[in-house]
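In: coordinates only, no sequence provided:
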């Protein structure tokens, strides 16, 4: 089996483990890690051969961009305190604690590599945590906490990691120099992200085709990451800034096809890259174990102590941080996404699963330093990092659903329904305001206004059933049912039309390009904004 075939196998596994995980009640990242471990012991499966310098630029940008689309600038600004407590301060504390422990249990480990180890195991993985949290029905607010923490702790940890690796390779480490490097890296990244975000928004306005617009967004995270790194900035922060900029300022309400295409595209990218990355974790495990066979007695206790440090530090930090956040929250006049009870705090603690970022960082460690020698204790660092990933993924990932049920932490469906209802009412009112403007146009026929009036009263009820209960309950329910029936029948007609066009594609002399153009028009007719 070649490297390319192995990549295809992992991609297939990434797709199949999603429905399999639903059936087995297991997170897909766990299943992909197990699949990678199984493949690793098969004699015909090759070792993964990816140059360390390519791992971060290939894996992180698409994952971060996909995750950043689920948040916004306003959500970030409204939750600045929880983010600073969890995603910045906690990363620094965890890095320092792990570095101290690592130097105590791994003899001869210099300070800079120890800090690199602390930085690469410090950030919980948002992909793994939210993959588990989203499937067990945690409150959306808690999932947002994990997503926000995961995005911004990656920025902090990776910047710390780069500073420590540069110091380890160069042979010197300065706290003041590291602090200055962090500030410079952040400033450059923010500038790059804003410039690329603004430029991309202008290009998106020029590209009318949804396929081209989606293709451009695929290039943005890689361009942001690469350009920022070339200018000694944080590539991760640049990707995050550009993604948030586009999500906030490049949103066209009439770009229905673009949104549908983009969401589907990035959902596929997220699934494939995440699955392949966790599959690589399992594959690399056998390689890692093979490099430390003579040091089991030393490294197993070291890995256990580092894993225990991660758990203890996170808990000891979260308990007072959650209490402080709640005290400050009571004095604020705006909503923050914070743990509201000790049960939620425990779940946030136990959801600190390490994953893709840790593996990408540890595999990207250089093999040599500037003077030609080996990178200090690289094999030990790799082993400990993989132990942290496997330990948190299997122990916490598999027990988090059980712990959530035990503590009674579940999604607040009533709050979600209230928000959905409020948005439905706002949408319906906006449509009614525009209807009154349309009625005032003398060129619009009266029968067309009557038809629009019937539809506008059904708009909110189709989003939230409670709207229908509040205005013309029985009449609206009957009208909605008729509209659904009309929509279904219209869908059958469109299906027959598409089938006929597809049949024509197979006929002798048919021009596939013309057929596809007609088929695309029929597909667009099936989109919601063309429906009844």
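Out: Received it, and whenever you're ready, just let me know what you need. Just so it is clear, the model here is predicted, and its values are computed rather than measured. Numbering: from 1, shown residues only.

In: domains in the chain, as residue ranges please.
Out: 3-7+18-411, 417-530 (automatic domain parsing).

In: near residue 267, how many other residues are there?
Out: A count of nearby residues for residue 267, using other C-beta atoms under 10 Å, gives 11. Quick note: C-beta positions are derived from backbone N, CA and C, even for glycine.

In: actually residue 37, not the one I typed
Out: 17.

In: and stretch 207-221, what's buried?
Out: 210, 213-214, 216-218, 220-221 (16 or more other C-beta atoms under 10 Å).

In: quick check: helices, which of these are part of them?
Out: Of the buried residues of stretch 207-221, the ones assigned to helices by DSSP state H are 210, 213-214, 216-218, 220-221.

In: between these, which is nearest residue 281?
Out: residue 221 (21.6 Å; C-beta to C-beta).

In: tell me where the stretch 351-500 of the chain has helices.
Out: In the stretch 351-500 of the chain, the segments counted as helices under DSSP state H, counting those that start in this stretch are 356-363, 378-391, 397-407, 413-439, 446-463, 465-470, 473-505.

In: where's the residue most central in space within the chain, which helix or strand?
Out: The centroid of the chain falls nearest to residue 67 when counting by C-alpha atoms, centre = their mean (2.6 Å). Taking DSSP states H and E as the criterion, residue 67 maps to helix 52-68.

In: next one: phi and psi at the closest residue to residue 115 other than its chain neighbours?
Out: Excluding the flanking residues, the one nearest residue 115 by C-beta to C-beta, 6 or more residues apart in numbering is residue 164, at 4.0 Å. When read as degrees, to the nearest 10, the backbone of residue 164 gives phi -70, psi -40.

In: surely residue 164 touches residue 122?
Out: No: the criterion here is C-beta atoms under 8 Å, and residue 164 misses it with residue 122 at 11.3 Å.

In: between these two, who's got more neighbours?
Out: For residue 164 versus residue 122, the count of surrounding residues by other C-beta under 10 Å is larger for residue 122: 33 against 24.

In: closest to residue 503 among the buried residues of stretch 207-221?
Out: residue 210 (26.2 Å).

In: in the stretch 1-150 of the chain, which spans are strands?
Out: Assigned by DSSP state E, counting those that start in this stretch, the stretch 1-150 of the chain shows no strands.

In: quick one: the helices in it?
Out: Secondary structure of the stretch 1-150 of the chain, counting by DSSP H, counting those that start in this stretch: helices at 3-24, 28-41, 52-68, 73-78, 80-83, 90-105, 111-121, 126-135, 140-170.

In: I figured residue 40 hits residue 288, correct?
Out: No: the criterion here is C-beta under 8 Å, and residue 40 misses it with residue 288 at 10.0 Å.

In: that older thread, looking at the ones in helices among the buried residues of stretch 207-221, spot the one nearest residue 375.
Out: residue 221 (28.1 Å).

In: pLDDT at that closest one, what is it?
Out: Note for residue 221: predicted pLDDT of 93.

In: check contacts around it.
Out: 61-62, 64-65, 239, 242-243 (C-beta atoms under 8 Å, 6 or more residues apart in numbering).

In: farthest pair within those residues?
Out: 62 and 242 (12.7 Å).

In: neighbour count: those two, which is higher?
Out: Higher neighbour count among residue 62 and residue 242: residue 242, with 33 against 20, using other C-beta under 10 Å.

In: between the helix or strand harbouring that one and helix 356-363, how many degrees?
Out: Using DSSP H and E, residue 242 sits within helix 235-249. Relative orientation of helix 235-249 versus helix 356-363 (axes from the mean of the first three to the mean of the last three C-alpha atoms, to 10 degrees): 150 degrees.

In: buried ones in whichever helix or strand comes after helix 235-249?
Out: The helix or strand immediately downstream of helix 235-249 is helix 256-291, counting by DSSP H and E. By neighbour count on 16+ other C-beta under 10 Å, the buried set for helix 256-291 is 257-259, 261-262, 265-266, 269-285, 288.

In: elements contacting helix 256-291?
Out: Under the contact definition 3 or more C-beta pairs under 8 Å, 6 or more residues apart in numbering; DSSP states H and E, helix 256-291 sits against helix 3-24, helix 28-41, helix 52-68, helix 126-135, helix 210-230, helix 356-363, helix 378-391.

In: quick one: mean pLDDT for the first one?
Out: What it means is helix 3-24. 86.

In: cool, and the fourth one?
Out: Model confidence over helix 126-135 averages 62 on the pLDDT scale.

In: same question, the third one
Out: Average pLDDT, helix 52-68: 80.

In: count the residues that sit near residue 499.
Out: Neighbours of residue 499 (other C-beta under 10 Å): 10.

In: let me see the contact set for it.
Out: Contacts of residue 499 (C-beta under 8 Å, 6+ apart): none.

In: use 780 as the first number from now on
Out: Will do, 780 is the new start, and the previous item becomes residue 1278.
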